[in-house]
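1. only geometry, no sequence info:
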């Protein structure tokens, strides 16, 4: 296997099919008078083979959107489509298996099981599925992420940056259709954060993955191919090929 | 600080409920024992006081002697004595349904108390025996002297309640003349007197001839109460069995507090940063534990009283419910010691962490502390020393030493203590080994079993303490079962007789069994062989193909004019023995089951606290694709591993200790009850799995979103 994009045909083509999209997605937190409309009929798609950042002020619904897209939370109404699969029609077990087999996750913190070493953490989704490990793919992922000499370490023996790299390796191991990253650099210093962003970009450019990342950091967002702005549960705009300045401008307009 | 303590209790109430329940159950049993035995004692005190009621004066015989008939009549003839009732208790036999006397079955024949209405030629029988023997007032009962020399058929004049001293033997009450048919001359152990109205007690006392001790009715009651056998024979074994539950409970409570306090380290640190002193925080935690101890103990006393009432009615006693201050005090002291003692060390540890460090730490249940070298040395020392004493005791026993069994018990206790001290070093490797086996067995869910194993061993102290509670229970049960089965096997050998046979013909008389009886039996067509085994026993075998009941009936018919000869089937005797033994064994097992229930609560508690602590971790696993079923399986395997380790180690330790105990008693033969040990081990493992159900459900409901939530 090479590092080319053979398993995601057309990933770099001009017409980008959405890997995952929300259709009229609405999410209410609570009920009755106290209900909060976290997402209000959101329509948005995320192209396959691209790196998309979601930004917005606190309470804009960006985390809720990602939770619903990733099958971690259920929507009140509307649909979430991963390829041809409607996530809103699945029960808990089906959603769990879908997450295990077709999605990857990188969280802000607490990404790794403290009882397992780095290698076991990376291989966890495959182990849970009872699937065989493709050793060549594992070696490639480990090599790309530069964690080859850390595989026998427990999470408590790794730095924050190293932990996030192990988490990204885990997100890649089952060749997911989409990797969701929720503030993956939030707990890191700027150098480690930069490294993690570079790895996510590499995952998209060289390994052909689709990455959807929630962040509040304009610099992190500018690593993406596209930034989707969210405000008050609505899509408030988007920026293609963003720069930090463009993102900051966009955020300022949301605020004003 | 009090408001903070109360708020803490409210907040953690749910988590503390199980701890409180453990206190209630363990204290409850001890309280029930004390209340039951106190109530039985109180019942017999009242009965004895009633016996002495109406007695104005009582003349007592010397401790080892009796008052002769002459002395009795002289006393009865003193001026001012309206009525005199000589008192005496005789050991007699009643005949069995064959009309024969079993030399091993005795009855008590009591002289009628003062002013009792007993017909001159009849007896009163206790109701319990009447029910058992199928007799009613008006029937006849045949009573024989202890040496089966004199047999008298007596009409049953009435039925009375058995006295508290009755035990299982029949209790007969008769007038003095009837008594004399069984012993003549019949001396009295005491003469109770009622005086004529207006008689001067002092004058009567002075007029009583001879140098006898004379007491008033009140003094007599006190003396009888003082001499009455208190329920120590019931109380002490029950308290010892209850102690097993208390020890298990102490482990469970200590473990729970350690986890609770560890989880609250941040909360306590926050209190410290806003100005609470270390002492205040410590006092707060201790006050909280004291409140649980107090509440649990008092509830335990209540449960104990109810249990005692139920047990009393099962024993067929209408209980004079007696809850003494001592009972309440002991219960509260035990309950408070368990809770406050358990909270002390973890609370101290928690308050010694610097507030800032505590605030930054994320509790994940891991324990980075290594097992201290001192602990290992101490544990090994205790195990080796205990084992040496144990083996020494076993060896001493076989060479005829009397102290062997005591040495064995002491050695076993020390050895087991060593095992518990080494727990954090011993339990995790065992969990890993069994976990590897479990992973192999679970096949497709292999990774889930591996996760469960890793979870179980992440905190060596916690898994050791949780397992220890169950381990104590399993060891006790396994040891008890092994001793019982060894005893059963050994007694079977004894019961089956020195000479193996179908029937035993025994004599209750002092004289040997006449030779012509042996010959007569041997000549019966139903009989194969007769072996004369000493003066008092014939071992009789039925002829081939003859039904046991027919053969027995033939022997009974052939010895028709020998009421002193009883005919017993060994099979029947064995069945009776087994039934008695099984009843006792089941009672003990039922009591020991309480310890297992407490250990079960301990596992459920530890798991549920662990689930609470690992919420984010479980959320992460759920996000990564652990299904709900797998989540429940993960918790189930974790609990089953703890149960299985306790089962394996406990069965081995119990059997080993039992071996030493059995070997130290010459008459016993050691038997390993493999089936029962396997069963108790399976029950322990199953208890673990059952304990995981509720925490497993909660874990399975964990939302994966929790893992994403920032701190």
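-> Noted; the coordinates are in hand. As the structure is a computational prediction, the values presented were derived from the model and not from experiment. Residues are numbered from 1 along each chain as shown, chains lettered A, B, ... in the order given.
2. Can you tell me which residue is spatially central in chain A?
-> residue A:180 (1.4 Å; Cα atoms, centre = their mean).
3. quick one, phi/psi of that residue?
-> Residue A:180 adopts backbone torsions of phi -100, psi 130, taken as degrees, to the nearest 10.
4. same thing with residue B:215?
-> The phi/psi pair for residue B:215 (degrees, to the nearest 10) is phi -130, psi 160.
5. so what's it bridging to?
-> Note on residue B:215: beta-bridge partners by DSSP bridges are residue B:58.
6. can I see the domain layout of chain B?
-> B:1-53+B:223-363, B:54-222, B:425-499+B:572-711, B:510-563 (automatic domain parsing).
7. These: which one's closest to residue A:22?
-> domain B:425-499+B:572-711 (16.8 Å; Cβ to Cβ). Where you see a C-beta, it was placed from the backbone N, CA and C, and this is true even at glycine.
8. pLDDT below threshold where in the chain?
-> No chain in the question, so chain A it is. A:1-16, A:255-256 (pLDDT under 70).
9. oops, chain B please
-> In chain B, residues with pLDDT under 70: B:1-12, B:14-15, B:166, B:229-230, B:316-317, B:356-371, B:397-402, B:444, B:494-500, B:706-711.
10. Let me see the contact set for residue B:390.
-> Neighbouring residues of residue B:390 by Cβ atoms under 8 Å, 6 or more residues apart in numbering or on different chains: B:407-408, B:411-412, B:415, B:656-657, B:660.
11. For residue A:235, which three-state class applies?
-> Classification of residue A:235 by DSSP: H, G, I helix; E, B strand; the rest coil places it in strand.
12. so what's it bridging to?
-> residue A:230.
13. helices and strands around the helix or strand hosting residue B:291, which ones?
-> Using DSSP states H and E, residue B:291 maps to helix B:278-314. Applying 3 or more Cβ pairs under 8 Å, 6 or more residues apart in numbering or on different chains; DSSP states H and E, we find helix B:278-314 packed against helix B:2-11, helix B:13-52, helix B:265-273, helix B:325-352.
14. What are the buried residues along the second one?
-> Spelled out, that is helix B:13-52. B:15-16, B:18-41, B:43-45, B:47-49, B:51-52 (16 or more other Cβ atoms under 10 Å in any protein chain shown).
15. Against which helices or strands is it packed?
-> By 3+ Cβ pairs under 8 Å, 6+ apart, helix B:13-52 packs against helix B:217-227, helix B:232-263, helix B:278-314, helix B:325-352, helix B:570-613.
16. need those helices in TSV with mean neighbour count, can you?
-> Formatted as TSV, those follow (neighbours: other Cβ atoms under 10 Å in any protein chain shown):
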stretch	mean neighbour count
helix B:217-227	16
helix B:232-263	21
helix B:278-314	20
helix B:325-352	20
helix B:570-613	19
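17. Nearest residue to residue B:478 in space, please, no chain neighbours.
-> The shortest distance from residue B:478 to any non-neighbouring residue, by Cβ to Cβ, 6 or more residues apart in numbering or on different chains, is to residue B:654 (2.7 Å).
18. So the closest residue to residue B:567 other than its chain neighbours, which state does it fall into?
-> Nearest residue to residue B:567 in three dimensions, chain neighbours excluded: residue B:555, at 4.9 Å (Cβ to Cβ, 6+ apart). Per three-state DSSP, the local secondary structure of residue B:555 is helix.
19. Provide a list of residues in contact with residue B:555.
-> Per Cβ under 8 Å, 6+ apart, neighbours of residue B:555: B:503, B:505, B:521, B:524, B:526-527, B:540, B:567.
20. Quick check: the farthest pair among those?
-> The distance between the two most remote of the contacts of residue B:555 (Cβ to Cβ) is 13.7 Å, for B:505 and B:526.
21. out of these two, which sits in the busier spot?
-> residue B:505 (27 against 20; other Cβ atoms under 10 Å in any protein chain shown).
22. right, and the more buried one touches residue B:562 too?
-> No. Using Cβ atoms under 8 Å as the test, residue B:505 is too far from residue B:562 to be in contact (9.1 Å).
23. shared neighbours of these two, anything?
-> By Cβ under 8 Å, 6+ apart, the residues touching both residue B:505 and residue B:562 are residue B:517.
24. What is the neighbour count of residue 63?
-> Using chain A here. Neighbours of residue A:63 using other Cβ under 10 Å come to 24.
25. The intended chain is chain B.
-> Quick note: residue B:63 (other Cβ under 10 Å) scores 7 neighbours.
26. One more: residue B:519?
-> 10.
27. Go through the residues of the stretch 501-650 of chain B and report the one nearest to chain A.
-> Using Cβ to the nearest Cβ, residue B:625 is the residue of the stretch 501-650 of chain B that sits closest to chain A, at 2.2 Å.
28. Give the full set of residues in contact with the nearest residue to that residue once chain neighbours are set aside.
-> With sequence-adjacent residues excluded and distances taken as Cβ to Cβ, 6+ apart, residue B:625 is closest to residue A:100, at 2.2 Å. Residue A:100 is in contact with A:125, A:128-129, A:174, B:624-626, counting by Cβ under 8 Å, 6+ apart.
29. May I see those arranged in a markdown table, with neighbour count and distance to residue A:248 as well?
-> As requested, the contacts of residue A:100 are exported to a markdown table (neighbours: other Cβ atoms under 10 Å in any protein chain shown; distance: Cβ to Cβ, whole Å):
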| residue | neighbour count | distance to residue A:248 |
| --- | --- | --- |
| A:125 | 25 | 36 |
| A:128 | 23 | 41 |
| A:129 | 15 | 42 |
| A:174 | 23 | 36 |
| B:624 | 25 | 34 |
| B:625 | 25 | 37 |
| B:626 | 28 | 40 |
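30. closest to residue B:550 among those?
-> residue B:626 (70.7 Å).
31. Shouldn't the closest one be within a strand?
-> No. Looking at residue B:626 with three-state DSSP, it is coil, so not inside a strand.
32. That one and residue B:451, how far apart?
-> 8 Å (Cβ to Cβ, to the nearest Å).
33. before we move on, what about residue B:654?
-> For residue B:654, the distance to residue B:451 - Cβ to Cβ - is 31 Å.
34. got the buried residues for stretch B:139-156?
-> Buried-residue list, stretch B:139-156, by 16+ other Cβ under 10 Å: B:141-146, B:148, B:151-152, B:154, B:156.
35. what does that stretch contact?
-> Under Cβ under 8 Å, 6+ apart, the answer for stretch B:139-156 is B:90-95, B:99, B:101, B:103, B:106-107, B:109, B:119, B:121-125, B:130, B:133, B:135-138, B:172, B:174, B:178, B:181-183, B:507-510, B:563-564.
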